[in-house]
Structures are given as C-alpha cells and as structure tokens.
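Participant: any chance you could fold what I've pasted below:
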Amino acid sequence: VFFGPVLNYFLAFLFFYIVFLIGYPTLSARVGDLLEGFPAQKTGLLKGDLVIAVDGEKVADWEEMQQVIRSKKEGSIAVTVLRDKKEIKFVIEPRIEKLKNIFGQEEKVRLIGIGPKEEFIKLRYNFKDSFIMASKKIWMVTFTTLKAIWRMLTGGMSFRESVAGPLGIFYITSRAWELGVGYLLQVVALLSASLAIFNLLPLPVLDGGHLVLLGLEKIRRKPLATQLEEWINRIGFSFIVSLALFVFYNDLVKFGVIEKIITVSEKLRF
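Facilitator: Below you'll find the predicted structure:
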C-alpha cells in the first residue's frame, strides 16, 4: 500500500534530477521593468541591466536574486549589474511593503522595485550538484504542499482558488510543452510529488486511509468488522467523487469554459 506513493515520490525526484542535468529552465536576473518611485529607479538601474551579484553573493537567476535580497533583513544592499559588458555597483535601500505570500499570509517584504524580463535561461549542473538541487527541490515542494493543505483545511487559503483538476492540468502541461522538455518534466515531477502526498492523506479509499485502517488492525490485533470497513470506504469514496466533481466544475469556471458555452449558446438562438 505504501509503495505506490513512494514510487510517485521517487519518480518526482528522478525527473527533477534529470531537469537539473539537462538544464533547469528559469528566468534570468535581467531587469525588465522598473516600478515608479521605488529605490531601484531612483538609484539609477536601467531596463536591460543584468544583476550578477547582491552584496557580493553571485546570483544565477531571478529566483536566487529574490531570495538573497529578501534574506537581507536590514540595511542597504549592494547590487552589481552588467551593463554594456561593464560591471556597475549600486547601493540601494529597499522599501518595506506588506504583501501576501502564496499561502495568503501577509508578510513584510523588502523590495527594490524591479520586475523580470521575459528572458529564459537554462542552468546545468553536474551529477553531484544535480542530486543536491533535486533533493532541495523535492523538499521545498513537500513543505509547500503540506503547508498549503493545512492552510486550506484551517480556512487560511481559498480551496476554490488553490486546486486544479484534469482541465487545469491539461492547460498547464500544454503550456509547459510549448516552453520545452525541461518545463514539461518539471510539471510532471510536481504532479507526481503532489499525487504521492495526496495519496498519503488519511482519507478512506486513499492509500493513507488504508494505512490508517491497517494501523488500527495492528493495534487491535484483529481486523475491523467487515460492515464497518465497508461503510468507511463508502463514505470515503463518496467524498472523493464529490471532491472530483467540485474540482472539475471549478476548472470549467476558472478557465472560462462555462462562460464560452453560454456565449456560444446565446449566439445560436434564433
């Protein structure tokens, strides 16, 4: 029972490992936009500047640059950019803003006021570093998924806005295929890891539910009554079917399918 989710988890790690080997697709650290009135604009950064270091720490992509900037809790930061093949250093005092993170929680974030340019690069790693990067990625995905589930269960996140069904997955994978094999493998890895985590939830019918029942059987040293186990599975199955229908309907609304159907039907009226 436990081996199914474990295999999904292993496949997620394997796909992440392959992605980092063949080239991890990500946004470059090139400035594509300057926010009006923010420190970066006032200091002299220009669109097209490539950020190569923050406070002496080299940055390879946009995500890494963001992490380094946000890790600096106080004081000004030195941003080194490459402009016309020349390195220029700017000392910037970030502005503190309250923003909502992916979990819907408000947090204070230090911003310098730049937006990314739609320039994609591929970061390649050797066999050893790819293993390390894949391990970090799978840990981040696990932590983020579990925290998101907890926030949804406690009402901190909107369930409707946070889930996607078959239609949503189709849209995402279609877009990933257009962007290249690296993006597609990333999406497959994320789906595989998410499936493993979801299957281990202690809900009847799912693998996690079976493990709970097997655990109770081990503690009691005898199986549950057949009728009781059947009712538990029926309730679990009804819940999963209801959840699937809700998620599918939510996809239809989210991606405007229902709106398009209504528009078409109105045009066909005589």
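Participant: when you work out contacts or count neighbours from here on, use the C-alpha atoms and nothing else.
Facilitator: Fine.
Participant: need the next SSE after whichever strand or helix holds F15, C-terminal direction.
Facilitator: In the assignment (DSSP states H and E), F15 maps to helix 3-22. Downstream of helix 3-22, the next assigned helix or strand under DSSP H and E is strand 24-27.
Participant: contacts for that following strand?
Facilitator: 61-63, 116-124, 182-183 (Cα atoms under 8 Å, 6 or more residues apart in numbering).
Participant: strands of the stretch 51-200 of the chain, residue ranges please.
Facilitator: Ranges of strands in the stretch 51-200 of the chain, per DSSP state E, counting those that start in this stretch, are 57-58, 77-83, 86-92, 95-100, 106-111, 114-116, 120-123.
Participant: list the contacts for the closest residue in space to I114 that isn't next to it in sequence?
Facilitator: Spatial nearest neighbour of I114, chain neighbours left out: L34 (4.7 Å); criterion: Cα to Cα, 6 or more residues apart in numbering. L34 sits next to 40-41, 46-47, 113-115 when contact means Cα under 8 Å, 6+ apart.
Participant: check what pLDDT the residue nearest to the spatial centre of the chain gets.
Facilitator: Geometric centre of the chain, nearest residue: V141, 6.8 Å, by Cα atoms, centre = their mean. For V141, the model assigns a pLDDT of 85.
Participant: look up how far F16 lies from it.
Facilitator: Using Cα to Cα, to the nearest Å, V141 is found at 11 Å from F16.
Participant: tell me, how many residues neighbour the closest residue to L35 other than its chain neighbours?
Facilitator: Here the nearest residue to L35 in space, its sequence neighbours aside, is G113; by Cα to Cα, 6+ apart that works out to 5.0 Å. Using other Cα atoms under 10 Å, G113 has 17 neighbouring residues.
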